[in-house]
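In: Structure for this input, please:
(one chain, ligands or ions: 2)
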Amino acid sequence: MSMIAAFYGSKSILITGATGFLGKVLMEKLFRTSPDLKVIYILVRPKAGQTLQQRVFQILNSKLFEKVKEVCPKVHEKIKPIYADLNQKDLAISKEDMQELLSYTNIIFHCAATVRFDDPLRHAVQLNVTATQQLLFMASQMPKLEAFIHISTAYSNCNLKHIDEVVYPCSVEPKKIIESMEWLDDAIIDEITPKLIAGRPNTYTYTKALGEMLVQQEGGNLNVAIIRPSIVGATWQEPFPGWVDNLNGPSGLIVAAGKGFLRSIKATPMAVADLVPVDTVVNLTLAVGWYTAVHRPKPTLIYHCTSGTINPCNWGKMGLQVLATFEKVPFERAFRRPNADFTTNYFTASCWNAVSHRAPAIIYDFYLRLTGRKPRMTKLMNRLLRTISMLEYFINQSWEWSTYNTEMLMSELSPEDQRVFNFDVSQLNWLEYIENYVMGVKKHILKEDMAGIPEARQHLKRLRNIHYLFNTALFLIIWCLLLARSQMARNMWFFIVSFCYKFISYFRASRTLKI
Ligand SMILES: CCCCCCCCCCCCCCCCCCCCCCCCCC(=O)SCCNC(=O)CCNC(=O)[C@H](O)C(C)(C)COP(=O)(O)OP(=O)(O)OC[C@H]1O[C@@H](n2cnc3c(N)ncnc32)[C@H](O)[C@@H]1OP(=O)(O)O
Ligand SMILES: NC(=O)C1=CN([C@@H]2O[C@H](COP(=O)(O)OP(=O)(O)OC[C@H]3O[C@@H](n4cnc5c(N)ncnc54)[C@H](OP(=O)(O)O)[C@@H]3O)[C@@H](O)[C@H]2O)C=CC1
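Out: Ligands and ions are numbered 1, 2, ... in the order given. Got it, this is the predicted structure:
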């Protein structure tokens, strides 16, 4: 029997960000391995016109939770959605709900955050720092709390090349940043943001670093741990390979490449693609929750959940495998045949962006206008190029993360727990994982059925023919323009035609002689 699974049995667990990518997998694993847990409280806000109940219903009835329904038929009774909005000062949690959380919560997994790279600093601080402070304040009033697990990111200190499992202090105290957000206006905040995040590429990584510092400073005598995943990708093994449900990180670019929008991206092929499967992150998170509650390590331990040190893959290998998988499982209704490549310098990247991204979008929008339809390709392409510009920072360099604490934790696990809560990425077969990832993007994000592959192939064949036709027509137009304007071109054309004519005559003559 798994000690970790038994530990979570009968526990009352609070998960923030449970409706997110990581949060859903965390919830699924808890219900599947500890079906006798008492309750999982999830902070939820209404979204896209859905009520809390509708959102929970949608999650529990998704493919991800298929196995849970078998082992935990009463899952609907064990999950308690609590209205909350991390944008609000007191998280907008009602008095009754707050009283229940404070009285019964045994473990907190704080996953909620804004993961957008372009959020204004005020919004990122509110979600990734102030809300964390509120959670810590709540935790300090929970008599039954055994552990507070904070999910950060391995890139919180991406301004450093080698990152240890320690909290690196930020130049300005988190509390001062929180206070200043209350009285500075947006214009001033925009002005000082570059100076505050100095060395980091965006407000996301900066505010995650602030959040860590706050957890360390205000964790008080709570049992706290911090987990730093790198780039979280689709599931590796459980509940099934290839599950993913959002466009963040690699997923968005895999969609863009598979649909033929993305043709080139500035990347360093040999740079480490530090991906880590979401189920690996969840297994480590649950093991950390157990270890923190049972062994109460002091001071706060930080755990790196990365792959580059233990089982490195690089962007070149990943890109090639992604393209190879498109051959096997093409995406439907592609704009162009998938054919992307990495460029390694800005000049080439700019040329490719103009020729391969912007120009085709303009031509296609022109065609849409001609056929009386609304142009949309230029807007989509601009959005994709903006996304790429934000992701490029992470695919043009490598980092090194120490993994001492994570390896220590693995050694503390029994063989059964190492099997049930496996976070040993050294066993990961990258080619197989990336293939499953791309297939998962097709199935779970694009909602495309595998039965549509023959039609998708036919569509790609048509695109190839159109591509050849277009290139031939373009060549002929240019050649005719050249012939009309250049005597040298005419002479060359005459030479080529006469050479071909003589060759054919000679060929015919030699065939006649042979007979
Ligand atoms: C040798 C060579 C061989 C050949 C090779 C060939 C190559 C082969 C090609 C294959 C490549 C594979 C390898 C390369 C992988 C590199 C990944 C590196 C990731 C590392 C980052 C993670 C590090 C840190 C990890 C962390 O710690 S956290 C990570 C999680 N955080 C993020 O990844 C946030 C990113 N995103 C945003 O920051 C916001 O998305 C934002 C960008 C501001 C846009 O923002 P905006 O333009 O406003 O767009 P949205 O409003 O978001 O969406 C508006 C509309 O676009 C949709 N859409 C949202 N997003 C995306 C997206 N991405 N891509 C596409 N569409 C998207 C959305 O569906 C919505 O559609 P609609 O609803 O309108 O219909
Ligand atoms: N994805 C990745 O590659 C990595 C993620 N991480 C960390 O993992 C954690 C989870 O990330 P991930 O699951 O990918 O992110 P998602 O964007 O998928 O999920 C974010 C979660 O936070 C919730 N949330 C956001 N804003 C609010 C708000 N104002 N009020 C209430 N809830 C809110 C979202 O709720 P809602 O559904 O209502 O929007 C959602 O449940 C984050 O802390 C992130 O920093 C770390 C490294 C890599």
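In: next SSE after the host helix or strand of Leu474?
Out: Secondary structure from DSSP states H and E places Leu474 in helix 453-485. Toward the C-terminus, helix 453-485 is succeeded by helix 487-514 as the next helix or strand (DSSP H and E).
In: Nearest the middle, which residue of this protein would you pick?
Out: When C-alpha atoms, centre = their mean is applied to the chain, the residue found nearest the centroid is Gly249 (2.8 Å).
In: Now for that residue: which residues touch it?
Out: Applying C-beta atoms under 8 Å, 6 or more residues apart in numbering, we find Gly249 in contact with Ile231, Val232, Gly233, Leu275, Leu391. Where C-beta positions appear, they are placed from N, C-alpha and C, glycine not excepted.
In: how about JSON lines for those, with secondary structure added?
Out: Converted to JSON lines, the contacts of Gly249 look like this (DSSP: H, G, I helix; E, B strand; the rest coil):
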{"residue": "Ile231", "secondary structure": "strand"}
{"residue": "Val232", "secondary structure": "strand"}
{"residue": "Gly233", "secondary structure": "strand"}
{"residue": "Leu275", "secondary structure": "strand"}
{"residue": "Leu391", "secondary structure": "helix"}
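In: so which of those residues is the most crowded?
Out: The most neighbours of any of the contacts of Gly249, using other C-beta atoms under 10 Å, belong to Gly233, which has 29 neighbours.
In: my guess is Glu146 meets Ala293, correct?
Out: Yes - checked against C-beta atoms under 8 Å, the pair Glu146 and Ala293 is within contact range at 3.8 Å.
In: Need the overlap of contacts for those two.
Out: Common neighbours of Glu146 and Ala293 (C-beta under 8 Å, 6+ apart) are Asn106, Ile107, Asn223.
In: Switch these over to CSV; also include distance to Ile434.
Out: Converted to CSV, the shared contacts of Glu146 and Ala293 look like this (distance: C-beta to C-beta, whole Å):
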residue, distance to Ile434
Asn106, 38
Ile107, 33
Asn223, 37
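In: filter those down to the ones near ligand 1?
Out: Filtering these for proximity to ligand 1 by C-beta under 6 Å from any ligand atom leaves nothing.
In: between those, which has the most around it?
Out: Neighbour counts for those (other C-beta under 10 Å) peak at Ile107, which has 27 neighbours.
In: who's it bridged to?
Out: On the basis of DSSP bridges, Ile107 is bridged to Ile13, Ala147.
In: I'd like to know which elements the helix holding Leu474 is packed against.
Out: In terms of contacts (3 or more C-beta pairs under 8 Å, 6 or more residues apart in numbering; DSSP states H and E), helix 453-485 is packed against helix 487-514.
In: Pretty sure Glu392 sits in a strand.
Out: No - counting by three-state DSSP, Glu392 falls outside a strand, being helix.
In: Just the pLDDT at the residue lying closest to it once chain neighbours are set aside, thanks.
Out: Using C-beta to C-beta, 6 or more residues apart in numbering and skipping residues adjacent in sequence, the residue nearest Glu392 is Lys266, 5.3 Å away. Predicted confidence (pLDDT) for Lys266: 94.
In: what sits against the nearest residue to Leu482 once chain neighbours are set aside?
Out: Counting by C-beta to C-beta, 6+ apart, Leu482 lies nearest to Ala489, which is 4.3 Å off, once chain neighbours are set aside. With contact taken as C-beta under 8 Å, 6+ apart, Ala489 is in contact with Trp479, Leu482, Leu483.
In: any idea how far ligand 2 is from Ala489?
Out: Using C-beta to the nearest ligand atom, to the nearest Å, Ala489 is found at 54 Å from ligand 2.
In: what about that residue, distance to Phe503?
Out: For Ala489, the distance to Phe503 equals 21 Å [C-beta to C-beta, to the nearest Å].
In: do the same with Met410
Out: On the measure of C-beta to C-beta, Met410 and Phe503 end up 72 Å apart.
In: Neighbour count: these two, which is higher?
Out: Higher neighbour count among Met410 and Phe503: Met410, with 17 against 10, using other C-beta under 10 Å.
In: Assign a three-state SS to the more buried one, would you?
Out: Secondary structure state of Met410, per three-state DSSP, is helix.
In: Count the residues that sit near Met185.
Out: Slight slip there: residue 185 is Asp, not Met. Applying other C-beta under 10 Å, we find 9 residues neighbouring Asp185.
In: Check the one 3 residues further on too.
Out: By the other C-beta under 10 Å criterion, the neighbourhood of Ile188 contains 11 residues.
In: Tell me if it really is in a helix.
Out: Yes - the assignment for Ile188 (three-state DSSP) places it in a helix.
In: from here on, count from 324
Out: Happy to do that; since the first residue is 324 now, the last one works out to Ile511.
In: Read off the pLDDT value for it.
Out: Here the pLDDT value assigned to Ile511 is 97.
In: Please name the residues that touch it.
Out: With C-beta under 8 Å, 6+ apart, Ile511 has no contacts at all.
In: go on, Lys770?
Out: Here Lys770 is in contact with no residue (C-beta under 8 Å, 6+ apart).
In: Mind telling me what element it is part of?
Out: Here Lys770 is assigned to no helix or strand, by DSSP H and E.
In: from the stretch 524-673 of the chain, which residue is nearest to ligand 2?
Out: Ligand 2 sits closest to Val555 of the stretch 524-673 of the chain, with a gap of 3.6 Å, by C-beta to the nearest ligand atom.
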